[in-house]
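Engineer: Give me a model of this one.
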Amino acid sequence: MSDYQDVNSNEDSRIDDAKKFLNLCNDVDSNNRAEALDDVRFCAGDQWPVDVQNSRVLESRPCLTINKIDAYVRQICNQIRQQRPRIKVQGMNNEADAKLAEILSGVCRHIEYQSSADVAYDTAVEYAVKMGWGYFRVMTDYISDDSFEQEIYIRPIDNPFTVYFDPNSQLPDGSDAERCLITTVVSKKTFRAMYPGKDDGQGFTNRGTGDSDAEWVTKEDVRIAEYFYTVKTPTKLVLLSDGTSVYQDELPSEEALAEAGITIIERRDTYKKQIKWCKVTAMEVLEEGDWAGKYIPIIPVYGQSCIIDAKHKKFGLVRMAKDPQRMYNYWTTALTESVALAPKAKWLLAEGQDEGHENEWAQANIKAMPVLRYKQTDTEGRPAPTPTRLQPEPPPAGIVTATQSMSNDLMTVVGIYDPSQLPQGNISGKALAGQQQQVDMVNFHYYDNLTRSIAYCGRIILDLIPKIYDTERVMRIIGADEKPEIVTLNQIVTDEQGVERILNDVSVGRYDVVMDTGPGFSTKRTEAVENMMTLLAADPNLMATAGDLIFRNMDFPGAEIIADRLAASNPLAQIDEKSDVPPQVQMQLAQAQQTIQQLQQEKQMLAMDIKYGATMQQAKEDAHTKRTLMETTARAYNTQTMAEVRVNDQNTRSITSQNKTEIDAIVKLLIANLDTRQLEAEIERRNEEQFAYAREAARDIGHEPNPLTGQPQTNIPMPPQQPVLEPMQPQPMQQPMPQGVQ
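Structural biologist: Numbering: from 1, shown residues only. A predicted model of the protein is given here:
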């Protein structure tokens with residue numbers, strides 16, 4: 001609470017109001033409280049009427065309690081624990097911000113975590129299931145003894161009978177309540193230690209019936225009460241021309257309005273609502289203060305209720321299950337008693353057969369005797385048959401049938417059935433899920449009522465956050481995936497223009513609570529992996545776009561590392577949740593950027609194809625031109641070479657023919673006119689000249705290749721023209737021919 005102070009007034013009207021309110025609640029809820037107390041005792045195992053139990057104890061008869069109701073209560077409560085409702089904040093006007101709404105949701109989760117709110121929720125819903133209602137509360141307290149900062153906490157109320165809630169409240173979440181009283185009875189010794197110097201009622205005297213003080217002070221104890229009450233101050237609400245609304249007592253002066261050009265459009269009667277708090281005894285007010293919010297911070301959780309004869313009747317699961325449970329206890333006790341008191345199996349033997357072994361036969365039904373000895377004759381010496389055992393009567397079949405019938409009636413009343421009694425056989429998983437859903441729906445109203453109450457708790461927290469967290473504060477928030485994060489609330493920053501603004505301003509905008517129900521985050525993550533693997537099997541390409549999400553939902557060592565590596569190469573995974581840009585817009589921008597990059601790559605590839613395609617075509621054309629030129633040049637050189645070869649061949653043949661003719665002529669001349677020696681010398685000289693020309697021609701042909709074709713050129717030099725020897729006329733021989741010449 002805020003700004004507590006001591007008050008030393010013995011005649012404070014709030015004390016009288018608290019007493020009257022306590023009496024009012026007792027008058028309205030006396031029957032509900034009496035029946036609820038019996039329900040709690042019954043669920044705890046006190047299931048036999050006192051008179052019946054006492055009479056059976058006096059007669060030493062069994063009085064058994066087979067408590068099935070407690071198991072059914074635990075089954076409902078544990079099912080709720082598996083999927084507790086979760087607070088989620090959403091904006092309600094154009095001043096609200098989606099990012100700040102997520103931060104406020106994280107603040108609510110932070111409050112729940114640090115308060116161990118699950119204990120408060122579970123305690124309240126357990127009493128709602130047992131007797132029809134339970135409570136938990138929201139309170140504020142300092143973070144530490146040496147700090148002025150306060151925190152919001154959610155605390156359990158262990159005993160709902162200490163709470164006296166406004167009987168005029170009609171809403172199922174109790175948000176319309178205007179008064180509430182939480183009382184605690186302590187010993188006077190404890191009271192003096194808690195509040196030294198305060199009046200502990202030492203002058204108390206017993207008074208007559210109906211005196212309200214008798215409920216507040218006894219000889220040994222004193223009642224302390226926390227009293228929440230609402231104060232409504234009448235006022236007028238003024239609507240201004242700029243669209244704002246303001247109370248009339250907070251309205252600026254007429255001169256200020258006229259200077260701003262603002263006029264009053266409308267007025268209406270209303271009131272200011274303020275929640276007050278005080279801690280009182282029957283003698284004085286111990287503490288007092290103003291509650292920061294606009295709601296009574298006591299949240300009820302109801303079970304079942306109905307209006308009977310203008311009275312609000314509240315009850316839980318136990319109320320209707322009492323009679324079947326009692327019958328089950330009766331029949332089980334009767335069956336046990338019948339079996340226990342039935343005579344045990346006895347031995348039938350002739351008189352005298354146990355002579356000398358009487359002790360063995362007397363203990364045959366008590367001890368496990370290895371052998372039983374008997375005589376084969378009776379007392380008169382006649383042969384006797386072997387002793388036989390007489391079987392007692394079986395338990396009455398009617399009691400067994402009645403016991404089973406009572407068990408079925410109990411399951412029918414509470415709406416929870418034994419799985420072995422559900423339809424058996426080869427049925428599909430969908431059919432099994434449908435059967436289980438049908439069973440769960442019988443008691444779903446307990447879960448739904450808890451959802452309403454936690455939603456009201458969230459609204460109380462949202463109303464307190466701007467008032468408790470009203471300065472710049474660094475605090476932890478919890479995400480929907482249960483991961484913590486550090487944020488700064490009400491952070492004052494200066495933008496580029498030098499204007500100060502507040503980031504994460506919790507006082508701006510209107511927000512409301514919507515509940516997130518169903519399985520928790522861990523269960524949803526397991527189901528998500530199963531569905532993702534099914535989709536991945538149908539479309540393997542899904543791994544490229546959502547592979548990081550698949551691995552991030554898996555729960556094995558290294559899954560987060562794999563997810564981070566996949567996200568690093570996926571532009572769609574680069575989403576900054578802290579950015580002012582919504583995640584959907586970021587994803588669209590990333591996808592558009594990826595598309596632009598792909599188009600740019602395709603453009604570059606197309607440009608390269610066009611560029612290198614033209615170059616290749618030009619290279620092909622140049623190569624073709626060069627090949628054509630080379631082929632033409634080669635053909636020209638080949639034609640020239642062949643012509644030269646033909647000319648050289650013709651010249652060679654001409655020279656050879658000429659030389660032959662000359663040689664023949666010379667021979668004839670020499671034969672005719674010259675000496676044989678002169679003739680041989682001349683022939684040798686001519687031959688050497690011809691061979692020299694031939695060698696020179698051959699050298700020129702073999703060592704000078706054509707530059708285009710690579711073939712040797714034919715460049716035979718023409719021999720010098722020799723004078724043609726005219727054939728000589730034969731002369732008559734004047735001397736004989738030399739030997740050897742013909």
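Engineer: Just say helix, strand or coil for Asp242.
Structural biologist: Classification of Asp242 by DSSP: H, G, I helix; E, B strand; the rest coil places it in coil.
Engineer: how about the nearest residue to it, chain neighbours excluded?
Structural biologist: Leaving aside its sequence neighbours, Asp242 sits nearest to Ile262 (CB to CB, 6 or more residues apart in numbering; 5.5 Å). The C-beta positions use only the backbone N, C-alpha and C, and glycine is treated the same way.
Engineer: phi, psi of the one you found?
Structural biologist: The phi/psi pair for Ile262 (degrees, to the nearest 10) reads phi -110, psi 140.
Engineer: quick one: it from Gln640, how far?
Structural biologist: 112 Å (CB to CB, to the nearest Å).
Engineer: check contacts around the closest residue to Ile416 other than its chain neighbours.
Structural biologist: Nearest in space to Ile416, with sequence neighbours left out and distances taken as CB to CB, 6+ apart, is Tyr72 at 5.2 Å. Taking CB atoms under 8 Å, 6 or more residues apart in numbering, we find Tyr72 in contact with 317, 321, 414, 416.
Engineer: now, among those residues, which is nearest to Val508?
Structural biologist: Val508 lies nearest to Leu317 out of those, by CB to CB, at 45.2 Å.
Engineer: average pLDDT for stretch 139-149?
Structural biologist: On average, the pLDDT along stretch 139-149 is 89.
Engineer: buried ones in that stretch?
Structural biologist: Residues of stretch 139-149 classed as buried by neighbour count (16 or more other CB atoms under 10 Å): 139-140.
Engineer: Now do that stretch: distance to the chain's middle.
Structural biologist: Here the centre of stretch 139-149 is set off from its chain's centre by 33 Å, with CA atoms, centre = their mean, to the nearest Å.
Engineer: among the contacts of Tyr72, which ones are buried?
Structural biologist: Among the contacts of Tyr72, those classed as buried by 16+ other CB under 10 Å are 317, 321, 414, 416.
Engineer: just the residues you listed now: which is nearest Thr488?
Structural biologist: Thr488 has its nearest neighbour among these in Leu317, at 46.9 Å by CB to CB.
Engineer: thought the closest one was touching Ile69?
Structural biologist: Yes: counting by CB atoms under 8 Å, Leu317 touches Ile69, with 7.4 Å between them.
Engineer: who touches both of the two?
Structural biologist: Val414.
Engineer: Now do the helices in the stretch 1-150 of the chain.
Structural biologist: 13-43, 50-58, 69-82, 98-115, 117-131 (DSSP state H, counting those that start in this stretch).
Engineer: And the ones you listed: which comes nearest Leu462?
Structural biologist: When these are compared by CB to CB, helix 98-115 sits nearest Leu462, at 6.7 Å.
Engineer: Which residues belonging to that closest one are considered buried?
Structural biologist: Result for helix 98-115 [16+ other CB under 10 Å]: buried residues 99-112, 115.
Engineer: With stretch 541-550 instead?
Structural biologist: Within stretch 541-550, the residues that count as buried by 16+ other CB under 10 Å are 546-550.
Engineer: Export the residues you listed to CSV and append columns for pLDDT, distance to Met532 and secondary structure.
Structural biologist: Listed next are those as CSV, based on pLDDT from 0 to 100; distance: CB to CB, whole Å; DSSP: H, G, I helix; E, B strand; the rest coil:
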residue, pLDDT, distance to Met532, secondary structure
Ala546, 77, 7, helix
Gly547, 76, 10, helix
Asp548, 76, 11, helix
Leu549, 75, 7, helix
Ile550, 74, 5, helix
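Engineer: from the residues you listed, which is closest to Glu95?
Structural biologist: Distances from Glu95 to the buried residues of stretch 541-550, taken by CB to CB, are shortest for Leu549, at 33.1 Å.
Engineer: ok, the closest one - contacts?
Structural biologist: 532, 563.
Engineer: So Pro156 sits against Tyr127, correct?
Structural biologist: No: assessed by CB under 8 Å, Pro156 is found out of contact with Tyr127, at 10.2 Å.
Engineer: correct me, but Asn659 touches Ile683?
Structural biologist: No: if you go by CB under 8 Å, Asn659 and Ile683 don't touch, sitting 10.7 Å apart.
Engineer: Can you name the residues bridging to the closest residue to Cys278 other than its chain neighbours?
Structural biologist: In this structure, Cys278 finds its nearest non-sequential neighbour in Glu288, 4.0 Å apart by CB to CB, 6+ apart. Beta-bridge partners of Glu288, counted by DSSP bridges, are Gln5, Cys278.
Engineer: What is the neighbour count of Glu288?
Structural biologist: Neighbours of Glu288 under the rule other CB atoms under 10 Å: 19.
Engineer: now the helices: where do they sit in the stretch 401-550 of the chain?
Structural biologist: Residue ranges of the helices in the stretch 401-550 of the chain, as given by DSSP H, counting those that start in this stretch, are 429-441, 444-468, 521-538, 542-552.
Engineer: Report the mean per-residue pLDDT for the second one.
Structural biologist: If I follow you right, that is helix 444-468. pLDDT averaged over helix 444-468 gives 94.
Engineer: Show me which positions of it end up buried.
Structural biologist: 446-447, 449-468.
Engineer: other SSEs contacting that helix?
Structural biologist: helix 69-82, strand 86-91, helix 98-115, helix 117-131, strand 133-142, strand 150-156, strand 298-302, strand 511-516 (3 or more CB pairs under 8 Å, 6 or more residues apart in numbering; DSSP states H and E).
Engineer: Could you list the low-confidence segments of the stretch 1-150 of the chain?
Structural biologist: Scanning the stretch 1-150 of the chain for pLDDT under 70 picks out 1-11.
Engineer: can you do 50?
Structural biologist: For the stretch 1-150 of the chain, the stretches with pLDDT under 50 are 1-10.
Engineer: Just give me the closest of the contacts of Tyr72 to Glu380.
Structural biologist: Using CB to CB, Ala321 comes nearest to Glu380 of those, at 65.5 Å.
Engineer: tell me the mean pLDDT for whichever helix or strand the closest one is part of?
Structural biologist: Assigned by DSSP states H and E, Ala321 belongs to helix 317-341. For helix 317-341, mean pLDDT rounds to 87.
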